[in-house]
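Enquirer: Generate coordinates for the sequence data below:
(chains A and B)
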Amino acid sequence: MIKTDILIIGAGPTGLFAVFEAGLLQLRCHLIDALAQPGGQCSEIYPKKPIYDIPGFPEVLAGDLVKNLMQQIAPFQPGFTLGERAETIEEQEDGTFIVTTNKGTRHQAPVVAIAGGLGSFEPRKPLLKDLPKFEDKGVAYMIKDPEVYRDKKVVIAGGGDSALDWTIFLADVASEVTLVHRRNEFRGALDSVKKVQELKDQGKVRLITPSEVVGLTGQDHLDGVVINRTSDPESDIHLETDHFIPLFGLSPKLGPIADWGLEIEKNAIKVDNTLDYQTNIPGIYAIGDVNTYPGKLKLILCGFHEATLMVQSAYQRIHPDKRYVMKYTTVGGINGFDGSKKEAPKAVVKSID
Amino acid sequence: MSDIKIKITDREGVQHEVDAPTDMNMNLMELVRSYELAPEGTIGVCGGMAMCASCQCYVDSAHELPERSDDEEAMLAEAFYVKPNSRLGCQIHLEPSLEGLEVTLAPES
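Expert: Residues are numbered from 1 along each chain as shown, chains lettered A, B, ... in the order given. This next block holds a predicted model:
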């Protein structure tokens, strides 16, 4: 069981900044995120896009913002459970909560802050008949263990970075890799596109473009895919394969959080914006894009503000008997849990003779 | 007056005729959201960067629209339910020449 003061669900910019504000109050945080890396949408969808409305940053790339936040919160040693989705929450008799992920990891905390953005990212599944039937029987939407594909025949579909990256990686693992995409152009990083071109020229991977996988074959396990070529739509190709991996990106879904007994409106969690962004369940807060209240704006800068107020309220809940007034970082500095200390340099007092 | 009329058929098949401002630097996806013709969280997920296809729509009228950018083309190549008249709403800037435009929102995916 992982125990912490504030359990944050969602490691996007809002969740990350909450760690900083909590750290100033000597509260420890642990974050859960369905993605394999912190940063939420900033890392997953638009790391290379510039953001212009972060106060004090005339321009910052989304990926750099995440990097900066990770650096800013490092002294407060946040814990991470990545690649797992928060599935259930149980309130205990002592008022704490136990949150369990889809992989069974259990976390306990007196305060839960949902900073889940638009939800957890789920793979987008192509519209193919029998697709669900072959899930885990030859069809997978993400690659967990590449060894599964050793010396097997693999068909990958998609035109983005993950399709290219896995084509490159599996070229050395699988016995045969075929990449199917609806266009000749690929959207991934230039290096990856070049590498796939090389592998194709060397005959290590096969590209079938512009084309689309339109059918699946097999009895209990997938044994082939049907590919329709744009240039010759009348004659489908039947390609034998052991595995089919459609990689069409991820789309966020509110998911299990919707069943936690929280008041939901417009796919978002209703909170008290006059005070502390608490939900209808005391001890559970919702901050950032995942919440809603009159006048709500889904902006990173609003998430930062919400995280700051939430943490003050969480402190009161965790230490009902303690008195506290907010202290400026210019005054108090940063005292990391790792023993690090940052503070304003002392003014030099020197007389003039 | 800088409003134009646009007909939008929502995902339930209901047609709405709405007033669309052309002086607010708005796009079709934002218009749909401002009239709440699709539930929040199911449209405009990426905010309008042509990176999610949640605002895909079919253009039903014969209006001449600006050509698809590379970004839009690439995103549509990875989207589902794509037809020849598919566009990303976030890439369609509202301007006077779109008076009378008719679109249908693509299913959620």
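
Enquirer: check contacts around the residue of chain B at minimum distance from chain A.
Expert: Among the residues of chain B, residue B:41 lies closest to chain A, at 3.2 Å counting by CB to the nearest CB. All C-beta spots, glycine's among them, are computed from the backbone N, C-alpha and C. If a contact means CB atoms under 8 Å, 6 or more residues apart in numbering or on different chains, then residue B:41 has A:118-119, A:252, A:254, A:266-268 as its contacts.

Enquirer: In PyMOL, how would I select the buried members of those residues?
Expert: Listed next is the PyMOL selection for buried residues among the contacts of residue B:41, using 16 or more other CB atoms under 10 Å in any protein chain shown:
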select buried, chain A and resi 118+119+252+254+267+268
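
Enquirer: Mind picking the two most distant members of the contacts of residue B:41?
Expert: Among the contacts of residue B:41, the pair separated by the greatest distance (CB to CB) is A:252 and A:266, at 14.3 Å.

Enquirer: next structured bit after the one helix or strand in chain B whose mean pLDDT sits lowest?
Expert: Within chain B, no helix or strand scores below helix B:70-76, which has a mean of 90 by mean pLDDT, DSSP states H and E. Sequence-wise, the next helix or strand downstream of helix B:70-76 (DSSP states H and E) is strand B:86-88.

Enquirer: Off-centre distance for the next helix or strand after that next one?
Expert: With elements assigned by DSSP H and E, the helix or strand that comes after strand B:86-88 is strand B:101-105. On the basis of CA atoms, centre = their mean, to the nearest Å, strand B:101-105 sits 7 Å off its chain's mean C-alpha point.

Enquirer: Using CSV, write out every CA atom in stretch A:327-338.
Expert: Extracted as CSV, the C-alpha positions of stretch A:327-338 are listed here (Å, rounded to 0.1, in the frame of the first residue of the first chain):
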residue,chain,number,x,y,z
LYS,A,327,4.2,32.3,3.5
TYR,A,328,5.8,33.7,0.4
THR,A,329,8.5,31.7,-1.2
THR,A,330,10.6,34.9,-1.2
VAL,A,331,10.4,34.8,2.6
GLY,A,332,10.3,31.1,3.4
GLY,A,333,12.3,29.7,0.5
ILE,A,334,12.0,26.1,-0.4
ASN,A,335,12.8,23.4,2.0
GLY,A,336,12.8,20.1,0.1
PHE,A,337,12.0,16.8,1.6
ASP,A,338,15.3,15.7,0.1
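
Enquirer: For residue A:238, list each beta-bridge partner.
Expert: Residue A:238 has these beta-bridge partners by DSSP bridges: residue A:226.

Enquirer: which residues touch it?
Expert: A:217, A:224-227.

Enquirer: between the residues you listed, which is nearest chain B?
Expert: The closest of these, once distances to chain B are taken by CB to the nearest CB, is residue A:227, at 15.4 Å.

Enquirer: can you pull the contacts of that closest one?
Expert: A:180, A:208, A:211-214, A:236-239.

Enquirer: got a markdown table for those residues, with pLDDT too?
Expert: Output for these, formatted as a markdown table (pLDDT from 0 to 100):
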| residue | pLDDT |
| --- | --- |
| A:180 | 96 |
| A:208 | 95 |
| A:211 | 94 |
| A:212 | 93 |
| A:213 | 95 |
| A:214 | 94 |
| A:236 | 91 |
| A:237 | 92 |
| A:238 | 95 |
| A:239 | 95 |
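
Enquirer: These: which two are farthest apart?
Expert: The farthest-apart pair in those, when distances are taken by CB to CB, is A:212 and A:238, at 14.1 Å.

Enquirer: Most neighbours of all the contacts of residue A:238, which one?
Expert: residue A:225 (28 neighbours; other CB atoms under 10 Å in any protein chain shown).

Enquirer: my read: that residue touches residue A:154, true?
Expert: No - using CB atoms under 8 Å, residue A:225 is not in contact with residue A:154, being 10.5 Å away.

Enquirer: can you list residues touching both of those two?
Expert: The contact lists of residue A:225 and residue A:154 share A:241, A:244, where a contact means CB under 8 Å, 6+ apart.

Enquirer: re the thing from before, any of the contacts of residue A:227 buried? List them.
Expert: Buried, going by 16+ other CB under 10 Å: A:180, A:208, A:211-214, A:237, A:239, out of the contacts of residue A:227.

Enquirer: Can you tell me the element residue B:68 falls in?
Expert: Counting by DSSP H and E, residue B:68 is part of no helix or strand.

Enquirer: residues contacting it?
Expert: Counted by CB under 8 Å, 6+ apart, residue B:68 has contacts B:76, B:87, B:91.
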